[in-house]
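*Asks:* generate a structure from the sequence data that follows.
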Amino acid sequence: MRFHSFLIKYGEIGIKGKNRYLFEDALVRQIRFALKEADGEFYVHKAQGRVYVDCEGEYDYEETIDALKRVFGIVGICPVVRVLDQGFEQLTKDVVAYMKEMYPEGNQTFKVEARRSRKQYPMTSMEINCELGGVILDAFPEMKVDVHNPDIRLNVEVREEIYLYSEIIPGPGGMPVGTNGNAMLLLSGGIDSPVAGYMISKRGVGLKATYFHAPPYTSERAKEKVVDLAKLVSRYAGPIELHVVNFTDIQLYIYEKCPHEELTIIMRRYMMKIAEHFAKEKGCLGLITGESIGQVASQTMQSLAATNAVCTLPVYRPLIGFDKREIVEISEKIDTYETSIQPFEDCCTIFVAKHPVTKPNLERIEKSEEKLTEKIDELMKTAIETTEVILVKP
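*Replies:* Numbers count the residues shown, from 1 in each chain. The predicted structure is shown next:
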């Protein structure tokens, strides 16, 4: 069947009161951006409290659905057949033809739900429901009406043309990206941080990202892997500005001067400082990490408190209460898992202590960091000034 349009259903946007139009406009922009990947020409517009995607000429149906399924803010995608208003008798023929093609078995329960946006139409919504219901029963003797819990809800919208649809394909939900400011994601090559970025962007937050690279201990392929992950996340979040920080000299200096059981915490604190520098520079309202309580030594409550202590911006951790299995399930859903498990080490895994401290004392950590005062500011300045910025798009 040739669907001419898609009706886009949204959820939370509908309760935004006087600001609702801002969220609708953001949703329209995100849909237009997503559909650039799909083969075809599309006209995305708002009409009477609805958002529609009209398909101009030939287009790839599967590609279009896949693109729309990645737009946060959409809760349902309804493929629509548009027919010309050539009188009610012709409409009954169009409806029977639609039902025959969509439901050839002809033995389900159904309900007709008419919506008369064009008030000049000579029949009321209730009259359309009753008349079309009778026509369908005549054409499909094995079908039955069920007004409470039907198998099929046939929607008939009377506009300048008449829109027929009965299928609702689930969307990702959430809020349109960009409606809740921007945040800086600490992106590694692991499983967790891409999922954290996805989940925060689902709440309408635009993403920037910082990756800590440690050549020659990490390969160029490790960096490419992180760029690949950023590309996969950007399919949902939109373009991501990725800051690639050369962290080698800072890591070696910490390794040389600080107790080895504290290496991970101290390195993590300096990563947070650098990421926060770029976050403030780019107008971000917070940092995002993929940490989950107790998953590793640097993610105990005490360790998280120690890393938080160096930040003035809030740190958002959307995975904080998830276990690994739940995180993996989301990574598989958003297609980042296979890339994340490629065997290219990132800088976090090179300088790992055999017995890392799991309950760091903040005063002791700060005391250890005093050993870095001679060169750390200069090393931080160099790392920031030599950072490579990559604009990552899907």
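*Asks:* quick one: furthest residue from the center of this protein?
*Replies:* In the chain, Asp138 marks the outermost C-alpha relative to the chain mean, sitting 45.4 Å out by Cα atoms, centre = their mean.
*Asks:* wasn't it part of a helix?
*Replies:* Yes: judged by DSSP: H, G, I helix; E, B strand; the rest coil, Asp138 forms part of a helix.
*Asks:* show the pLDDT at it.
*Replies:* Listed pLDDT for Asp138 reads 95.
*Asks:* what's the answer for Pro176, then?
*Replies:* Looking at Pro176, the pLDDT reads 95.
*Asks:* please report how far Ala47 lies from Arg116.
*Replies:* To Arg116, Ala47 is 14 Å away according to Cβ to Cβ, to the nearest Å. In short, each C-beta sits where N, CA and C put it, glycine included.
*Asks:* note down every partner strand of whatever helix or strand Leu185 lives in and its orientation.
*Replies:* Per DSSP states H and E, Leu185 falls inside strand 182-186. Sheet pairing for strand 182-186, assigned by DSSP bridges, gives strand 206-213 (parallel), strand 287-288 (parallel).
*Asks:* just the mean pLDDT for that strand, thanks.
*Replies:* Mean predicted lDDT for strand 182-186 stands at 98.
*Asks:* contacts for that strand, please.
*Replies:* Contact partners of strand 182-186, identified using Cβ atoms under 8 Å, 6 or more residues apart in numbering, comprise 193, 196-197, 200, 205-210, 212, 240, 271-272, 275-276, 278-279, 282-290, 316.
*Asks:* in strands only, show me these.
*Replies:* In strands, judged by DSSP state E, the following of the contacts of strand 182-186 are found: 206-210, 212, 240, 287-288, 316.
*Asks:* farthest pair within these?
*Replies:* Maximum pairwise distance among those (Cβ to Cβ): 21.4 Å, between Gly206 and Phe212.
*Asks:* show me which of these two is the more surrounded one.
*Replies:* Neighbour totals were compared for Gly206 and Phe212, and Phe212 leads with 27 against 21 (other Cβ atoms under 10 Å).
*Asks:* can you check the pLDDT for the closest residue to that one other than its chain neighbours?
*Replies:* Once flanking residues are discounted, Phe212 sits nearest to Phe247: 4.1 Å by Cβ to Cβ, 6 or more residues apart in numbering. Confidence at Phe247, expressed as pLDDT, is 95.
*Asks:* and for the one 5 residues further on?
*Replies:* In this model, Leu252 is scored at 93, pLDDT.
*Asks:* for it, the count of nearby residues, please.
*Replies:* By other Cβ under 10 Å, 14 other residues sit near Leu252.
*Asks:* for it, pull up the helix or strand it's in.
*Replies:* Residue-wise, Leu252 maps onto helix 248-257 under DSSP H and E.
*Asks:* which strands and helices lie in contact with that helix?
*Replies:* Packing partners of helix 248-257 (3 or more Cβ pairs under 8 Å, 6 or more residues apart in numbering; DSSP states H and E): helix 263-281, helix 376-385.
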